[in-house]
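In: Here you go, sequence then predicted model.
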Amino acid sequence: MDTSTESDSSSRSRSPLPPPPKLEELERNHEKACHSSEHLHFSMIVDKIIDDIDHFDFRTTTEKNVFSQRAELFRDKVRGWQSIFGHLD
């Protein structure tokens, strides 16, 4: 018999948010990409990171904003490569 109440459930602490992914690592791996499909894959990864930005743990709002700007710049770079490689594959 379940005797828990809604307040019991809401009082439980939630799992801490994960740290943001390391953009430097993604950038290094992206530099090794050779085909448009690989660039498309990176574009999808970065889009997901940007979409999920509120689900990462940042120490400050400034840190979150800087990360977001860097992620958007990286996404633009990846999309630029996609357009170049899309014509070469």
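Out: Sure thing, it's come through.
In: Packing partners of the helix or strand Q69 falls within?
Out: Assignment of secondary structure by DSSP states H and E places Q69 within helix 61-88. Under the contact criterion of 3 or more C-beta pairs under 8 Å, 6 or more residues apart in numbering; DSSP states H and E, helix 61-88 touches helix 23-31, helix 36-51. To be clear about C-beta, it is placed using only N, CA and C from the backbone, and glycine gets the same treatment.
In: Let's have those in a markdown table, adding mean pLDDT, distance to S68 and mean neighbour count.
Out: What follows is the helices and strands packed on helix 61-88, written out as a markdown table (pLDDT from 0 to 100; distance: least, C-beta to C-beta, whole Å; neighbours: other C-beta atoms under 10 Å):
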| stretch | mean pLDDT | distance to S68 | mean neighbour count |
| --- | --- | --- | --- |
| helix 23-31 | 89 | 11 | 13 |
| helix 36-51 | 89 | 7 | 16 |
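In: Adding distance to P16, write these out as JSON lines.
Out: Supplementary listing: the helices and strands packed on helix 61-88 in JSON lines, determined by distance: least, C-beta to C-beta, whole Å:
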{"stretch": "helix 23-31", "distance to P16": "21"}
{"stretch": "helix 36-51", "distance to P16": "18"}
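In: For T60, find the nearest of the ones you listed.
Out: The closest approach between T60 and any of the helices and strands packed on helix 61-88, judged by C-beta to C-beta, belongs to helix 23-31 at 17.1 Å.
In: quick one, what contacts the residue nearest to N29 when sequence neighbours are not counted?
Out: Leaving out its chain neighbours, the residue that sits closest to N29 by C-beta to C-beta, 6 or more residues apart in numbering is F42, at 7.6 Å. F42 makes contact with 26, 29-30, 33, 78 under the criterion C-beta atoms under 8 Å, 6 or more residues apart in numbering.
In: now, among those, which is nearest to K48?
Out: Proximity of these to K48 was ranked by C-beta to C-beta; the top entry is L26 with 11.3 Å.
In: re earlier: I'd like the contacts of F42 as JSON lines, with distance to V46 appended.
Out: Putting the contacts of F42 into JSON lines (distance: C-beta to C-beta, whole Å) gives the following:
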{"residue": "L26", "distance to V46": "7"}
{"residue": "N29", "distance to V46": "12"}
{"residue": "H30", "distance to V46": "9"}
{"residue": "A33", "distance to V46": "12"}
{"residue": "V78", "distance to V46": "6"}
